[in-house]
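Participant: Kindly generate the corresponding structure for this input.
(2 chains)
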Number of protein chains: 2
Amino acid sequence: MVLAPALILLLPIPAGITVQGWRLLAIFAATIAGLMSQPLPLGAMALLGLAAAALSGALSPGQALGGYAEPLVWMVLAAFCISRGMIKTGLGRRIAFIFIRAMGHTSVGLGYALVASDAVLGMVIPSNGARAGGIVFPVVKSLAEAYDSRPGSTATRLGTFLTLMVYHCDITVSALFLTGNASNPLIASLALQVAGIDLRYGLWALGALAPALASVIVLPLFFYYRRPPEVTRTPGAAEFGRAQLEALGPMARAEKVMLSVFALVTVLWLTTSWHHIDYAITALTGLAALLLGGVLTWDDVLAERSGWDTFVWYGAIFQMARALGDAGLTSALARTAGQLLTGVSWPLVLVVLLFAYLYTHYAFATITARVSALYAAVLLVILAAGTPPHLAVFAMSYVSSLGAALTHYGTTTSPIYYGAGYTTPGMWWRDGFLAATLNTAVWLTVGALWWKALGWW
Amino acid sequence: MVLAPALILLLPIPAGITVQGWRLLAIFAATIAGLMSQPLPLGAMALLGLAAAALSGALSPGQALGGYAEPLVWMVLAAFCISRGMIKTGLGRRIAFIFIRAMGHTSVGLGYALVASDAVLGMVIPSNGARAGGIVFPVVKSLAEAYDSRPGSTATRLGTFLTLMVYHCDITVSALFLTGNASNPLIASLALQVAGIDLRYGLWALGALAPALASVIVLPLFFYYRRPPEVTRTPGAAEFGRAQLEALGPMARAEKVMLSVFALVTVLWLTTSWHHIDYAITALTGLAALLLGGVLTWDDVLAERSGWDTFVWYGAIFQMARALGDAGLTSALARTAGQLLTGVSWPLVLVVLLFAYLYTHYAFATITARVSALYAAVLLVILAAGTPPHLAVFAMSYVSSLGAALTHYGTTTSPIYYGAGYTTPGMWWRDGFLAATLNTAVWLTVGALWWKALGWW
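Facilitator: Numbering: from 1, shown residues only, chains lettered A, B, ... in the order given. Presented below is the predicted three-dimensional model:
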């Protein structure tokens, strides 16, 4: 946290960069070092960075706070609040039980039912912690226990397989939607700043469609053979889903309002290119409807701490990255990289750097921290090598999520799934390495073909 | 909420105003009507207003959210978080006990000790609820009870007098500092937009100094004669303060850090015109110091609901007012008022409108709602009559707080002090009317002389 900026400040300032820009780079480096070493949580580090940037004169107060007027930052906050409605009304659980009733007759089908629920929720819930951790995980645990699979000798009956399949497929879901993970909108802003490509909700999902499908075929197969469940037929699970739905009874008014808002918001997000209503305004309107409809109280909104947390760090990092670009640092890096990479073939650069980027996640505890630290720089170098921009941006954006598979601390949901006790550390480190590598290979190859077929490169 | 905007949309659009501007006015009117009738809390209404403004095309999404990049809005949020440290470390209570030990030998002295504590806390705590309600009120109650004064027949021994004196003087404290009340920064932004006068922290306090002093002489006298305490000598109270301080023991490390940050932030705020560090950056740096010093955790910040609430409504109303100005509506109103008031003497307009503005508070439950609804418009009319700008702005700004004295629902602290049971509704409505009128007269006359002596008009 002290070393990195000190080093930067000691170096000579490159031509074309102002003192302010160079100071900003030092502060950005210190902030990122702070995100990694975590003397304080993400949001606090981000505020510290902003205060330092303004105090040092690297940014004016208005510039430093500019990220908080950014619609995308508000979209994320509003989406967090909308998610709370999904949890509060029980709609999230109902969706899971519907899938389980329909598909839960075998252990693989059951896994798919849980992943499908996670994917539907991912259309609007931008926190994989809230989604796969808060809503889906308790169902995973109940189902495993219903088949007498508990931590210890009975873990492998069903719990181990379900835990690993759902966790790893949730990482794919995190990459699938712009709302799949809180860091995705940050990725979208960085992609726009660095490469001028606007990863809108619909475009993001379209680009992810084929590779995500391939991924949710390959990952379950991988775990089915590597960690086979002893129980393969699970008629009781489907029955469990049915009984739970019966216990829930018909939808209450609040739940119906929630469902309508959920449908409205996702449809509007998917169709933005037709009506041009800004994402943030759609989300805020959805939130307003939930407030007016009595689904959420204003106190629920104020109590949505993850939302406020994300709001603070996202606004700060968004703005620092934009300011670094404005100060010419981004283009200076691109120029330098371009000179160094003259004559190197871009496919080599793309593959090597993508995998290197993936494995750096061993050093990170959140996807956001890694994206903040590396996404823009790595993307710049890949682009500088001559990689077609869309190929580079889409590959980098989706792969950003996939590193979370590597460890049991890679993202918010990992400690939850690991902590359930159905898995051993070895299953996380060894299987995690294999699954992340395999999954990245799938996304890269199927993705490259899919984006080619779409005519994007 | 529906009537006001419908009426506006039916009226012909005045020359020089765009359709967007007119729509914005209708949405603003609906938001204000919502603030008054409160179908939803302030913050929720404000977000609704922003969403409507963006959906209707009256503002672009970036414009609608622009208020959230405004440093003053962040200053308020940071000040709320800093306040939490005052409460958490017990420094707020310690300050109160020090004053009580020094001045609490008589019932009037005791009242002054409480008011002095409130004033010191008001230098940085922007919520009169947190300050006079959260910190000072429990001490008021303990002291009254220590003298066997409880709701009912013994109320008048000490409790009634203390309650009324502290409550009414807190309203003066609310007017005394830019941080005295969450609506003051909003007032400052509106004054800058409407009259081009920048009410910085130091200037605000300087302008309030003389009238506030006069007010805290007149108000206690008024209540001492109107609601005399039966107990006049209170040596036990001073002793109570001493014993409490002894029980608190020496300052813990966290409390010392808090005191340093408190001193640093207020000194920097008072001296802004020398070093030009923005208020928000000072406050954010103070908050950063509290986080780094371990006084506050990041979770404390995320849990500071009043802060987030204020952040949301302030950012929204700030921006709507600015946009109304940009759309030419403010100047159109000024022109029309100027034409109507030709030949009317400005002192008459000033006095009549100031008192009218004061009494409109019967219809409001928060100072913020009244300021949002009326401050800019009333100030414009007063200015249009030819009132010297500084006189108009300072008078309007301080009087904005004073209306809270009128009822037992006028501001956040009123229900707390009323609910304690030492007072009757009559004491709130009759005494409140007299006290508010008297206090406004004091602020207006002493203020006018003081601002003249300072050469401001």
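Participant: Now for the closest residue to A:Y398 other than its chain neighbours, how many residues are close by?
Facilitator: Distance criterion C-beta to C-beta, 6 or more residues apart in numbering or on different chains; nearest residue to A:Y398, sequence neighbours excluded, is A:A175 at 4.4 Å. Backbone N, C-alpha and C define where each C-beta goes, glycine included. Residue neighbour count, defined by other C-beta atoms under 10 Å in any protein chain shown, stands at 27 for A:A175.
Participant: Can you give me the domain assignment for chain A?
Facilitator: Taking automatic domain parsing as the reference, chain A has its domains at A:5-62+A:309-453, A:71-305.
Participant: Would you format these as CSV with distance to B:P389 and mean pLDDT included?
Facilitator: Converted to CSV, the domains of chain A look like this (distance: least, C-beta to C-beta, whole Å; pLDDT from 0 to 100):
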stretch, distance to B:P389, mean pLDDT
domain A:5-62+A:309-453, 25, 90
domain A:71-305, 36, 94
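Participant: Of all the ones you listed, which one is nearest B:L50?
Facilitator: domain A:71-305 (6.7 Å; C-beta to C-beta).
Participant: Straight-line length of the closest one, end to end?
Facilitator: For domain A:71-305, the first-to-last residue distance is 19 Å (C-alpha to C-alpha, to the nearest Å).
Participant: I'd like the distance between the residue nearest to A:R305 when sequence neighbours are not counted and A:T310.
Facilitator: Nearest non-adjacent residue to A:R305, counting by C-beta to C-beta, 6+ apart: B:L302, 4.1 Å away. B:L302 sits 10 Å away from A:T310, going by C-beta to C-beta, to the nearest Å.
Participant: The residue nearest to A:Y398: which element?
Facilitator: Assigned by DSSP states H and E, A:A175 falls within helix A:159-176.
Participant: how deep is the closest residue to chain B within the stretch 351-457 of chain A tucked in, by neighbour count?
Facilitator: Going by C-beta to the nearest C-beta, chain B is nearest to A:T366 of the stretch 351-457 of chain A, at 14.0 Å. Using other C-beta under 10 Å, the number of residues around A:T366 comes to 22.
Participant: Assign the closest residue to A:A327 other than its chain neighbours to helix, strand or coil.
Facilitator: Distances taken as C-beta to C-beta, 6+ apart put A:G21 closest to A:A327, at 3.0 Å, once the chain neighbours are dropped. Under DSSP: H, G, I helix; E, B strand; the rest coil, the three-state class of A:G21 is helix.
Participant: count of residues packed around A:G21?
Facilitator: 20.
Participant: got the residues of chain A near chain B?
Facilitator: Where proximity means C-beta under 8 Å from any C-beta of the partner chain, the interface of chain A facing chain B comprises A:40-41, A:43-44, A:47-48, A:50-51, A:54-55, A:61-62, A:64-71, A:74, A:277-278, A:280-281, A:284-285, A:287-288, A:291-292, A:298-299, A:301-303, A:305, A:308-309.
Participant: Restricted to helices, list those residues.
Facilitator: A:43-44, A:47-48, A:50-51, A:54-55, A:61-62, A:64, A:71, A:74, A:280-281, A:284-285, A:287-288, A:291-292, A:298-299, A:301-302, A:305, A:308-309 (DSSP state H).
Participant: overlap in contacts of B:L302 and A:T310?
Facilitator: Here B:L302 and A:T310 have A:G43 as joint contacts, going by C-beta atoms under 8 Å, 6 or more residues apart in numbering or on different chains.
Participant: what about A:I27, helix or strand, and which?
Facilitator: helix A:19-37.
Participant: What subset of the residues of chain A next to chain B is buried?
Facilitator: Buried by 16 or more other C-beta atoms under 10 Å in any protein chain shown: A:40-41, A:43-44, A:47-48, A:50-51, A:54-55, A:61, A:64-71, A:74, A:277-278, A:280-281, A:284-285, A:287-288, A:291, A:298, A:301-303, A:305, A:308-309, out of these.
Participant: Go ahead and confirm A:Y112 touches A:L219.
Facilitator: No: between A:Y112 and A:L219 there is no contact under C-beta atoms under 8 Å: 11.0 Å.
Participant: So which of the two has more stuff around it?
Facilitator: Between A:Y112 and A:L219, counted using other C-beta under 10 Å, A:L219 has the larger neighbour count: 24 against 21.
Participant: Can you tell me how far the more buried one is from A:V76?
Facilitator: 27 Å.
Participant: try A:L296
Facilitator: 17 Å.
Participant: now A:T424
Facilitator: Distance from A:T424 to A:V76, counting by C-beta to C-beta: 35 Å.
Participant: more neighbours, these two?
Facilitator: A:V76 (28 against 14).
Participant: Centre of the chain to the helix or strand hosting the more buried one, how far?
Facilitator: Counting by DSSP H and E, the element that carries A:V76 is helix A:71-88. Centroid separation for helix A:71-88 versus its chain: 14 Å, with C-alpha atoms, centre = their mean, to the nearest Å.
Participant: Next, the angle from that helix to helix A:279-292.
Facilitator: 30 degrees (axes from the mean of the first three to the mean of the last three C-alpha atoms, to 10 degrees).
Participant: After helix A:71-88, which helix or strand is next?
Facilitator: Next along from helix A:71-88, by DSSP H and E: helix A:91-103.
Participant: Not counting its own residues, what contacts that next one?
Facilitator: With C-beta under 8 Å, 6+ apart as the test, helix A:91-103 has contacts from A:85-86, A:109-110, A:112-114, A:116-117, A:120-121, A:125, A:131, A:134-136, A:139, A:143, A:237-238, A:240-242, A:244-245, A:248, A:251, A:255, A:258-259, A:262.
Participant: In ChimeraX, how would I select just the buried ones from those residues?
Facilitator: Filtering these down to the buried ones (16+ other C-beta under 10 Å) takes a single ChimeraX command:
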select /A:85,86,109,110,112,113,114,116,117,120,121,125,131,134,135,136,139,143,237,238,240,241,242,244,245,255,258,259,262
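Participant: which ones among the contacts of helix A:91-103 are found in strands?
Facilitator: If you go by DSSP state E, the contacts of helix A:91-103 have nothing in strands.
Participant: Okay, and which of the contacts of helix A:91-103 map to helices?
Facilitator: Residues of the contacts of helix A:91-103 located in helices (DSSP H): A:85-86, A:109-110, A:112-114, A:116-117, A:120-121, A:139, A:143, A:237-238, A:240-242, A:244-245, A:248, A:255, A:258-259, A:262.
Participant: how far away is A:G207 from A:G109?
Facilitator: 28 Å.
Participant: Look up phi and psi at the residue most central in space within chain A.
Facilitator: Nearest to the geometric centre of chain A sits A:N181, at 2.6 Å (C-alpha atoms, centre = their mean). Here is the backbone geometry of A:N181 (degrees, to the nearest 10): phi -160, psi 150.
Participant: tilt between the longest helix that chain A contains and helix A:159-176?
Facilitator: When chain A is parsed with DSSP H, its longest helix is helix A:425-453. Compare the direction of helix A:425-453 with that of helix A:159-176 by the same axes, to 10 degrees and you get 30 degrees.
Participant: Give the buried residues for helix A:425-453.
Facilitator: By neighbour count on 16+ other C-beta under 10 Å, the buried set for helix A:425-453 is A:427-428, A:431-432, A:435-440, A:442-444, A:446-448, A:450-451.
Participant: cool, stretch A:331-344 as well?
Facilitator: For stretch A:331-344, by 16+ other C-beta under 10 Å, it's A:332-334, A:337, A:341.
Participant: And the contacts of that stretch?
Facilitator: In contact with stretch A:331-344 (C-beta under 8 Å, 6+ apart) are residues A:14, A:16-17, A:325, A:349, A:377, A:380-381, A:383-386.
Participant: Next one: the residue nearest to A:F161 when sequence neighbours are not counted from A:L158, what distance?
Facilitator: Spatially, and ignoring its direct neighbours in sequence, A:F161 is nearest to A:P229 (3.9 Å; C-beta to C-beta, 6+ apart). Plainly put, A:P229 is 5 Å away from A:L158 if you go by C-beta to C-beta.
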